[in-house]
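Enquirer: Have a look at this fold, sequence not included:
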């Protein structure tokens, strides 16, 4: 006669069966989630569209989830769904905007007015003492303004209230002419490119300043100077502790934790079509003379290490980081690839001919700028309008 199972044994069996079923359900759900994440986008839906006006003195610049419209009489921030975030009025002949995170600074190039906002409704208007040449801003809410008074140059750092934090003065006859500036995300480090003329010879100097505790122990807050035989037209910070300098046919990277050190050097033999810089690194599109290949695109991290390379037979307008992926585009279509080369999205814009394209949130939205209109689309993995 078979021994009848005890209630405790039956309970263990039931629990075991439930556990097996639960594990199966979790595995199925996990697989579906994985497929949803890794499956490529197949179409898109229009989220929002709005008429815009292009013209002299009007510019549209990516900002957070949307863009900022900059004109001679004001600036307005708009989210990708059309929501107005903030606006500020002013009168400027040549407005230039610098954006970092939620902060934005608009300066009148050749004039004296700077208007800064923290993106939360607080706006400050500052009259600068000298003619403005350039403006930069940071995630710390600090703005750097490069100025000139016809004989000397000044770089002033101001906070969100417009108060002066620090100022650098350079005498052109002795120190050279400032060409470009870059401000780190934390606003503690400043990089300036100078054109230095000594007799009949000219050279390019990159000067690093530190306004933190480390910089207080250096003369004039200068933590490093790098000298080259040619002028450096553009410098940029890539996040908090990395910077790069753009020469005619090369790019040099610098590590800037506190005191700068020179890192990798990239050399280019062909014409550079576009360069996109972000806190992820650089994406460089270079013209190609290879038969059947129009361009070669390479993505680098903030230290200058190559992380992706792709060749295209189609004529492209530009490429950029799109979240952790890479986005390539021309007037009629775009392609998004993972760093492993896997296709994330490949398609057109549904008849829209774009002038420019910008990520709206780095995940599944794009801003498409065309003549007379801006359109936000959301990439989908099912039918159109999913």
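Expert: Structure's in. What do you need? Values in this document were obtained by computation on a predicted structure and should not be read as measured data.

Enquirer: Tell me where the model's unsure across this structure.
Expert: For the chain, the stretches with pLDDT under 70 are 1-38, 362, 382-386.

Enquirer: what residue lies at the spatial centre of it?
Expert: Geometric centre of the chain, nearest residue: residue 278, 3.5 Å, by Cα atoms, centre = their mean.

Enquirer: I'd say residue 247 and residue 228 touch.
Expert: Yes: at 7.4 Å, residue 247 counts as touching residue 228 under the criterion of Cβ atoms under 8 Å. To be clear about C-beta, it is placed using only N, CA and C from the backbone, and glycine gets the same treatment.

Enquirer: about what we covered before: dump the residue contacts of the residue nearest to the centre of the chain.
Expert: When contacts are counted by Cβ atoms under 8 Å, 6 or more residues apart in numbering, residue 278 touches 238, 320, 321.

Enquirer: In a strand, residue 126, correct?
Expert: Yes: counting by DSSP: H, G, I helix; E, B strand; the rest coil, residue 126 is found in a strand.

Enquirer: For it, name its beta-bridge partners.
Expert: Partner residues in beta bridges with residue 126, using DSSP bridges, are residue 114.

Enquirer: circling back to that earlier point, how near is the residue nearest to the centre of the chain to residue 126?
Expert: According to Cβ to Cβ, to the nearest Å, residue 278 stands 28 Å off from residue 126.

Enquirer: can you check residue 63 too?
Expert: For residue 63 relative to residue 126 (Cβ to Cβ), the value is 21 Å.

Enquirer: which of the two has more neighbours?
Expert: residue 63 (23 against 19; other Cβ atoms under 10 Å).

Enquirer: In contact with that one: list those residues for me.
Expert: By Cβ under 8 Å, 6+ apart, residue 63 lies in contact with 77, 99, 104.

Enquirer: Any quick PyMOL command for the buried ones out of these?
Expert: To isolate the buried subset of these in PyMOL, counting by 16 or more other Cβ atoms under 10 Å, use the following:
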select buried, resi 77+99+104
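
Enquirer: What about the contacts of residue 63, which are in strands?
Expert: Secondary structure from DSSP state E places 77, 99, 104 of those in strands.

Enquirer: which one of those residues sits closest to residue 70?
Expert: residue 104 (9.2 Å; Cβ to Cβ).

Enquirer: from memory the closest one sits against residue 95, does it?
Expert: No: with contacts counted by Cβ under 8 Å, residue 104 stays clear of residue 95, the gap being 11.3 Å.

Enquirer: intersection of neighbour lists for those two?
Expert: Counting by Cβ under 8 Å, 6+ apart, the residues touching both residue 104 and residue 95 are residue 75.

Enquirer: Serialize the ones in strands among the contacts of residue 63 to TSV and add fields for distance to residue 139.
Expert: Converted to TSV, the ones in strands among the contacts of residue 63 look like this (distance: Cβ to Cβ, whole Å):
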residue	distance to residue 139
77	16
99	11
104	12
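
Enquirer: Report the secondary structure state of residue 216.
Expert: Following three-state DSSP, the label given to residue 216 is helix.

Enquirer: Helices along the chain, start to end?
Expert: Here the chain has its helices, by DSSP state H, at 7-38, 172-175.

Enquirer: Show me where the stretch 151-300 of the chain has its strands.
Expert: Using DSSP state E, counting those that start in this stretch, the strands of the stretch 151-300 of the chain run over residues 152-158, 164-171, 177-183, 189-198, 201-210, 222-228, 234-237, 242-246, 250-255, 261-267, 272-278, 281-287, 295-300.
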